[in-house]
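> here is a sequence together with a model predicted from it:
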Amino acid sequence: MILFPAIDILNGKAVRLYKGDKNQVTEYGDPLHFAEKWVECGAKWLHVVDLSGAFTGESGIDSIISDIKKRFDVRIQSGGGLRRIVDIRRRLDAGADRAVIGTMAAYHPDDFALATYQFPEKIVAGIDAKDGMFAVKGWTETTEISAVEFGKKCHHMRIRWALFTDISKDGAMEGCNVEASARMQEETGLSVIASGGVSSMKDIAALKDRGIYGAVLGKAIYDGKLDLKEALTIAHDE
C-alpha cells in the first residue's frame, strides 16, 4: 500500500484543517521543510494540496511544487484549484505527476472528459463524500449524486485512481472510514487512496488488509501521533 504524506498549503504555509473547515486551521510552517522531512522518512509520494485554490479557484502553489521536485526525489500527487484544463496543464508542468480533479468533474463534465483524454494516466478522481454524497468546491457544496455513483462514472472514463475523503473524518483524529473506502474501491473498480482520519497504525493495517491501494496521512504525522517511518514499514510489509 502506498502512503501519501499530505502537505496542505494555505497562503504559502503548510496547514491542517479540522473537518475541512477553513475557519479551523492549524498552521505548521514551511511546506519545503515538511517535504524534506517526509522524504527523509522514506516517502516516495507526497500529496500536495492548494487549499487557497480549492476555496477560491485561484491556484498559487506551482512554484512550491517546482521547488520540491528540484530538491527532492519524490513523486507528487496534487489537487486544489484545478478548475480548467489550463490549470491542470500548469500544475503538471510545474512537476506534479498526477492531478486530483473533483469540482471540474461535477460542474464541467465535458472539460473533465477532455482532461482524461489529454492527460492519460495523470488524472486522479477527487471523490469527497459528505453523508455519502459527492461534495465539491473545497467541501463547501454537496451535489445530488452519491460518491459511489460518481466513482463508477470515473471508472467508465478509464480513470484508474480515486482520492476518497470522508469529510466527517478529515483532521478529526477519529480513525478513517475503512468500510466506506473499501466499498468505494470494490463497487467502482477504482484504486482508492483513502483520506481523512487516518490516525493510527491500526488504521493503516485495516486499510491494507482490505486491499486499499493507498492512504493519505495528515494531522497524525504532523502532531507526532503517527511515526511515518513505522507506518511506511507496515504499509510495505508483504
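All right, it came through fine. Numbers count the residues shown, from 1 in each chain.

> could you list the low-pLDDT ranges of the protein?
For the chain, the stretches flagged by pLDDT under 70 are 18-23, 53-59, 137-141, 143, 168-175, 237-238.

> please enumerate the strands of it.
Under the criterion DSSP state E, strands of the chain are mapped to 2-10, 13-18, 21-29, 45-50, 75-79, 98-101, 123-130, 133-136, 141-146, 161-166, 191-195, 214-217.

> TSV for these, including distance to A231 and mean neighbour count?
Yep, even glycine has a C-beta here, placed from its N, CA and C like the rest. Formatted as TSV, the strands of the chain follow (distance: least, C-beta to C-beta, whole Å; neighbours: other C-beta atoms under 10 Å):
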stretch	distance to A231	mean neighbour count
strand 2-10	6	24
strand 13-18	17	19
strand 21-29	18	12
strand 45-50	13	26
strand 75-79	17	24
strand 98-101	21	25
strand 123-130	21	25
strand 133-136	27	21
strand 141-146	30	14
strand 161-166	18	26
strand 191-195	13	27
strand 214-217	7	24
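
> and D87, which of these is closest to it?
Taking C-beta to C-beta, strand 98-101 is the member of those nearest to D87, at 8.5 Å.

> which residues touch that closest one?
49, 75-80, 82, 88, 91-92, 112, 115, 119, 122-126, 161, 163 (C-beta atoms under 8 Å, 6 or more residues apart in numbering).

> which among the strands of the chain is found nearest to K37?
If we rank these by C-beta to C-beta, the stretch that ends up nearest is strand 2-10, at 8.5 Å.

> show me the contact partners of that closest one.
14-17, 22, 25, 27, 31, 34-35, 38, 41, 43-52, 61, 64, 77, 80, 193, 195, 204, 213-218, 221, 228, 231-232, 235.

> that one - which strands sit beside it in the sheet, and in what orientation?
Strands that pair with strand 2-10, judged by DSSP bridges, come out as strand 13-18 (antiparallel), strand 45-50 (parallel), strand 214-217 (parallel).

> give me the distance from the second one to the chain's centre.
Same thing as strand 45-50. 7 Å (C-alpha atoms, centre = their mean, to the nearest Å).

> so what angle separates the directions of it and strand 123-130?
Angle of strand 45-50 versus strand 123-130, following axes from the mean of the first three to the mean of the last three C-alpha atoms, to 10 degrees, is 70 degrees.

> and if you look at the first one?
Using the same axes, to 10 degrees, the inter-axis angle of strand 13-18 relative to strand 123-130 is 40 degrees.

> any idea how far strand 13-18 is from the chain center?
Taking mean C-alpha positions (C-alpha atoms, centre = their mean), strand 13-18 and its chain are 14 Å apart.

> tell me the buried residues in stretch 220-238?
Buried residues in stretch 220-238, counted by 16 or more other C-beta atoms under 10 Å: A220, I221, Y222, L226, L228, A231, L232, A235.

> and of those, the nearest to K208?
Nearest to K208 among the buried residues of stretch 220-238, with distances taken as C-beta to C-beta, is A235, at 6.2 Å.

> and the gap between that closest one and H156?
29 Å (C-beta to C-beta, to the nearest Å).

> also K225?
Where H156 is concerned, K225 sits at a distance of 39 Å (C-beta to C-beta).

> cool, L114 as well?
Taken as C-beta to C-beta, the span from L114 to H156 is 16 Å.

> next: L32.
Counting by C-beta to C-beta - L32 and H156 are separated by 39 Å.

> fine by me, thanks again.
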